[in-house]
Structures are given as C-alpha cells and as structure tokens.
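J.: give me the fold of what follows.
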Amino acid sequence: MQIQDLKPAEGSTHKRKRVGRGHGSGHGGTSTRGYNGQGSRAGGTKGPGFEGGQTPLAMRLPKLPGFNNINRVEYVPVNVARLEAKFENGDVVDGAALVAKGIIKHEDALVKVLGDGALTKALTVKVDKVSASAKAKIEAAGGTVEELC
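T.: Numbers count the residues shown, from 1 in each chain. You can find the predicted model right below:
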C-alpha cells in the first residue's frame, strides 16, 4: 500500500450543500429556507438570546445584589497563635520573616495580625495592621508593635 492508495472510510465524507445554485442542485428556489417568515429573509436570524420580541429571560430575571468596591484593601490575616508557633523569643516579625517561615507567600502583601490564640514570647511586630486584642497580647508578653500603615 502506498500513500496515493489511501482513501477515507466508506460513508465518512459528504458533499458540501451548495444552496442557491439552481433547481438541478436540489437546493435552488428558496435555498432550503422555506417560503415565508423571519428565517427566510436575509439577515433575519437573531442572536442566541432573542425570544421573538418577548422580553428575554436574561432581562426578566433579577440582577445580583451588591457591588465590588474597587478601593477595597485586602489584608492577609495572621493570628498570634501562628507567631507563637513559628517565632522564637526576641524575633522581629515583618514581611520578610513571615515569608521565610512560610506564613505568607509574598513579602509585599499587606498583613494584619489578629488576636486568636495565646502569646508568651516577646516579639517585635512590624506589620501593616494589628487588631486591638492582638496588640494587647503582644505587649502583655513583653513585645512591641509597630504599624507600618
């Protein structure tokens, strides 16, 4: 067998329908569009959401509530329990240290320390925001808090 002997399987190929090429083609006259109505006219087909002039379903349904605030500032939350587990007494907690310990992914991410858990180590915390309960726990343990924002 050679490459010129290859053919498609029987029945797998079909001739293209050539509409509007005379009665001998079998698709002359109305060119398979029928006699009257919107579908028989040039440019008569409407878009996928068109419902014959009736208000489309997408317009009849209520819209979703709320909105997205473009000025929203997202903070990565870090609890004092994580600081207790990952840091030693006297360490400085900042973006680089948090990335090094695997707590956050990016050094320039905005971080907020929250007060869930207990803290016994004196840490110097230099982050963007600190909750009131976290600040009280850090200072009670002998540490200091420095908010960058």
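
J.: check which element follows whichever helix in the chain runs longest along the chain.
T.: Criterion DSSP state H: the longest helix present in the chain is helix 132-140. Downstream of helix 132-140, the first helix or strand assigned by DSSP states H and E is strand 144-147.

J.: show me what that next one packs onto, helices and strands only.
T.: strand 124-127, strand 129-130, helix 132-140 (3 or more C-beta pairs under 8 Å, 6 or more residues apart in numbering; DSSP states H and E). Bear in mind the C-beta positions are built from the backbone N, C-alpha and C, glycine included.

J.: with only the CA atoms kept, save the first one in CSV.
T.: Listed next in CSV are the C-alpha coordinates belonging to strand 124-127 (Å, rounded to 0.1, in the frame of the first residue of the first chain):
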residue,chain,number,x,y,z
THR,A,124,8.8,42.9,67.8
VAL,A,125,5.9,43.0,65.3
LYS,A,126,6.3,45.3,62.3
VAL,A,127,3.2,44.8,60.1
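
J.: next one: the most far-flung residue of the chain relative to its centre, what pLDDT does it get?
T.: Farthest-out residue of the chain from its mean C-alpha position, per C-alpha atoms, centre = their mean: residue 24, at 54.9 Å. Listed pLDDT for residue 24 reads 91.

J.: quick one, what contacts it?
T.: Shown in contact with residue 24 (C-beta atoms under 8 Å, 6 or more residues apart in numbering): no residues.

J.: what's the nearest residue to residue 92 if we skip its chain neighbours?
T.: residue 124 (4.6 Å; C-beta to C-beta, 6 or more residues apart in numbering).
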